[in-house]
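Visitor: mind folding the following:
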Amino acid sequence: MELSSEALYALKPVTFRYKKEFDPQGILQFGLVAEDVEAVNPDLVVRDKEGKSYSVRYDQVNAMLLNEFIKEHGRNAQQEATIAELKSALSKQEAAIANRQQRSVAASCSRARRGEHRTAEQTLAQTPLQQNQAAYGGLETAAP
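Guide: Sure, this is the predicted structure:
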């Protein structure tokens, strides 16, 4: 039934009223048109003596609906797990960004206390190594 229940997506529910001879009160009904169902899956209709479809096998339709519900439930559970993983990764990234921003502010304050004032353009003109040295107090190198 794995794929056969997907035929349900082609069915179009309708509202209708039975003829007065079958339902004198004319109560609004909900269901499927047997001929439309037959076009999608001939096994889902009941036929009369002449072989014409005259009723829908709703017991079969209900089983197929349950199958589709179970498949969707599984997909939903997988999506919830994926969302939880993505939220966790996002939280870690946000924490790393906040940590990097705090270190950057601390380095800027340290430079300001030492009297080093640089514009953004001056900082961008430095090489990445120079930027790291300026941000983290420089690196001492041995003379050759």
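
Visitor: from here on, contacts and neighbour counts on C-alpha atoms
Guide: Will do.

Visitor: now this structure, which segments are flagged as low pLDDT?
Guide: 115-144 (pLDDT under 70).

Visitor: go again using 50 as the cut-off
Guide: For the chain, residues meeting the criterion pLDDT under 50 lie at 142-144.

Visitor: what's the spacing between the residue nearest the centre of it and E85?
Guide: Centrality entry for the chain: nearest residue to the mean C-alpha point is Q79, 5.9 Å, by Cα atoms, centre = their mean. Per Cα to Cα, to the nearest Å, Q79 is found 10 Å from E85.

Visitor: likewise F30?
Guide: F30 is 42 Å from E85, by Cα to Cα.

Visitor: do the same with V56
Guide: V56 is 44 Å from E85, by Cα to Cα.

Visitor: the more surrounded of the two?
Guide: Taking neighbours as other Cα atoms under 10 Å, V56 and E85 compare with V56 leading, 22 against 12.
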